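[1] got a sequence here, can you model it:
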Amino acid sequence: MSISIPQLAEARRALEEPLFADLAGDVGLSFEFFPPKSEKMEAQLWEAIRTLEPLGPDFVSVTYGAGGSTRERTHATVARIQRETSMNAAAHLTCVEATKAEIDQVAEEYWAAGVRHIVALRGDMPTLGQPYQAHPGGYENAAALVAGLRKLHPFEISVAAYPECHPESGGHDADIDNLKRKIDAGATRAITQFFFSPEAYFRFRDRVAAAGITA
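    Below is the predicted model:
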């Protein structure tokens with residue numbers, strides 16, 4: 001994550017105001033970080049973390065690069081947040097280019113580090129535009145990953161949802177069916193991808209409710 005000095009200053013000003021005072025009690029707050037690629041970026045990340053920590057988010061998550069390319073950096077960042085802050089850290093974990101045993105080992109390392117929240121994702125292939133292909137010895141998709149994590153430990157598990165459709169899906173109905181499979185496999189909650197139309201979100205919410213999904 002890269003954040004400028006003016007952005008940090010604005011965040012500090014926000015801390016002095018009742019930023020979330022008027023929100024309904026059931027509205028949650030979370031932040032998502034990218035694992036730093038350099039010492040400079042790591043310093044910037046930790047300045048941002050210390051600035052945002054007083055806001056008391058429900059959790060903060062750390063992303064996982066395409067093809068698992070940031071596995072070590074993600075783990076180091078998540079473990080440090082869990083160890084050195086008051087915030088609950090969530091680790092993104094994907095299925096791409098890894099066996100079940102390798103993924104399970106990463107999950108076990110998170111559990112040993114005190115991390116109890118996993119954001120379970122199918123993930124993207126390392127080459128941009130490359131069609132997804134499950135590892136022959138890995139988890140086939142996010143629903144299978146959720147089921148595998150459930151067998152290891154009682155993790156809190158978040159999964160992805162797509163109000164404006166996943167770019168590889170067959171449409172809204174296919175997206176809802178996939179989300180239901182992930183919830184049925186044991187996911188705790190769904191986090192939506194960015195959306196740019198409130199109406200798209202409300203339509204998605206109604207489809208989810210009609211499908212009997214309550215997570």
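
[2] this protein: helices as residue ranges?
    With DSSP state H as the criterion, the chain has helices at 5-15, 39-52, 71-84, 100-112, 142-152, 172-184, 198-210.

[3] helices or strands up against the third one?
    Applying 3 or more CB pairs under 8 Å, 6 or more residues apart in numbering; DSSP states H and E, one finds that helix 71-84 makes contact with strand 59-62, strand 89-94, helix 100-112. To be clear about C-beta, it is placed using only N, CA and C from the backbone, and glycine gets the same treatment.

[4] again, only this time at 10 Å
    strand 30-33, helix 39-52, strand 59-62, strand 89-94, helix 100-112, strand 117-121 (3 or more CB pairs under 10 Å, 6 or more residues apart in numbering; DSSP states H and E).

[5] what do you get for the second one?
    Under the contact definition 3+ CB pairs under 10 Å, 6+ apart, helix 39-52 sits against helix 5-15, strand 30-33, strand 59-62, helix 71-84.

[6] quick one: which of these has the weakest pLDDT on average?
    Note on the helices and strands packed on helix 39-52: helix 5-15 shows the lowest mean pLDDT, a mean of 62.

[7] so where's this structure uncertain?
    1-27, 66-69 (pLDDT under 70).

[8] spatially central residue for this structure, please.
    Val119 (4.1 Å; CA atoms, centre = their mean).

[9] Throw the helices and strands packed on helix 71-84 into a markdown table and include distance to Asp177, thanks.
    Shown next, in a markdown table, are these (distance: least, CB to CB, whole Å):
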| stretch | distance to Asp177 |
| --- | --- |
| strand 30-33 | 26 |
| helix 39-52 | 36 |
| strand 59-62 | 25 |
| strand 89-94 | 21 |
| helix 100-112 | 24 |
| strand 117-121 | 17 |
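
[10] quick one: closest of these to Ala161.
    With respect to Ala161, and counting by CB to CB, the nearest of the helices and strands packed on helix 71-84 is strand 117-121 at 11.3 Å.

[11] hey, C-alpha coordinates of the closest one in CSV?
    What follows is strand 117-121, C-alpha atoms only, in CSV (Å, rounded to 0.1, in the frame of the first residue of the first chain):
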residue,chain,number,x,y,z
HIS,A,117,-9.6,-14.8,9.9
ILE,A,118,-8.9,-15.9,6.3
VAL,A,119,-10.2,-14.2,3.2
ALA,A,120,-10.6,-17.3,0.9
LEU,A,121,-10.4,-16.6,-2.8
